[in-house]
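Q: Generate coordinates for the sequence data below:
(one chain, ligands or ions: 2)
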Amino acid sequence: MRLFEATEQGTVEIEIGEDIEARLEELAERNRELFRERGIRAFDITGSVGAGKTSLIAGMVERLSGRHGVGVIAGDVATTRDAERVTGKGARKVLQINTGGMCHLDASLVYRTMERMPESGIDVLFIENVGNLICPSYFSLGVEARVAMVSASEGAHVIEKHPAMFESAALVVLNKTDIAEAVAVDLSRPVADLEAMRPGLRVVRTNCLTGEGIDEVVEALGLA
Ligand code: MG
Ligand code: ZN
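A: Ligands and ions are numbered 1, 2, ... in the order given. Just a heads-up that it's a prediction; the model follows:
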């Protein structure tokens with residue numbers, strides 16, 4: 001992060017960037033410690049609005065809740081729709097953060113929300129980030145892994161346009177693969193872009209409406 005001041009004499013960089021980054025990292029580390037203490041494996045699920053994050057989470061909760069205590073934190077600018085869609089799938093606790101306009105979750109928001117999670121009995125936590133592929137990539141939540149999700153309807157160039165998000169992802173989920181043809185998107189393009197950017201990074205193709213591929217996501221996260 002860099003900060004500039006534009007004056008009539010010219011534009012100068014203000015040297016506070018490192019402090020901000022160090023502070024953000026401190027807050028992420030506090031979460032990491034909390035998750036470690038409580039034996040929680042936490043995952044940050046990012047992706048645009050409509051990519052299928054909530055459907056993926058609901059599907060994973062359904063598959064895991066028999067043998068794991070699953071917690072879900074859903075982040076959105078407004079509404080409790082996502083939390084409501086996950087409820088009833090077997091999660092032990094589902095909490096919704098409304099950021100009130102902020103377009104990403106940050107570590108301190110997640111930390112404060114964790115105060116409302118049961119102190120024991122949760123060993124898997126899915127955090128649904130606010131829907132966009134840009135700023136959430138710059139805010140570490142202190143999780144084990146970030147899952148970046150894209151859907152076929154977002155176009156063939158979605159990976160190359162959002163390098164920071166895909167640089168920081170541990171797994172990419174390519175959703176709505178069933179409609180790629182209908183929206184004239186050749187999925188080999190985003191897959192090739194990913195391979196160029198992150199050789200060997202795992203990509204799982206899903207159709208979260210039918211549940212296709214969700215078992216593979218669960219396995220890829222080491223939760224099977
Ligand atoms: Mg959602
Ligand atoms: Zn943001």
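Q: from here on, contacts and neighbour counts on C-alpha atoms
A: Will do.
Q: Between the two ends of stretch 196-216, how far is it?
A: Terminal residues of stretch 196-216 are spaced 23 Å apart (C-alpha to C-alpha, to the nearest Å).
Q: Ramachandran angles for T7?
A: For T7, the backbone dihedrals (degrees, to the nearest 10) come out as phi -120, psi 170.
Q: Check it and give its pLDDT.
A: T7 carries a pLDDT value of 78.
Q: now do the one 3 residues further on
A: Note for G10: predicted pLDDT of 86.
Q: Quick check: beta-bridge partners of it?
A: Bridge pairing for G10 (DSSP bridges) gives the partners T7.
Q: secondary structure class for L95?
A: strand (DSSP: H, G, I helix; E, B strand; the rest coil).
Q: shaky segments in the protein?
A: Residues of the chain that meet the criterion pLDDT under 70 lie in 1-3, 16-18.
Q: Indicate the residue of the chain located nearest to ligand 2.
A: Nearest residue of the chain to ligand 2 (C-alpha to the ion) works out as C103 at 3.5 Å.
Q: What backbone torsions are found at that residue?
A: Dihedral pair for C103: phi -100, psi 20, per degrees, to the nearest 10.
Q: How many residues are close by R116?
A: Using other C-alpha atoms under 10 Å, R116 has 11 other residues around it.
Q: What of G10?
A: Applying other C-alpha under 10 Å, we find 7 residues neighbouring G10.
Q: what about the residue minimising distance to the centre of the chain, which SS state?
A: For the chain, the residue nearest the mean C-alpha position is I45 (2.1 Å; C-alpha atoms, centre = their mean). What three-state DSSP gives for I45 is strand.
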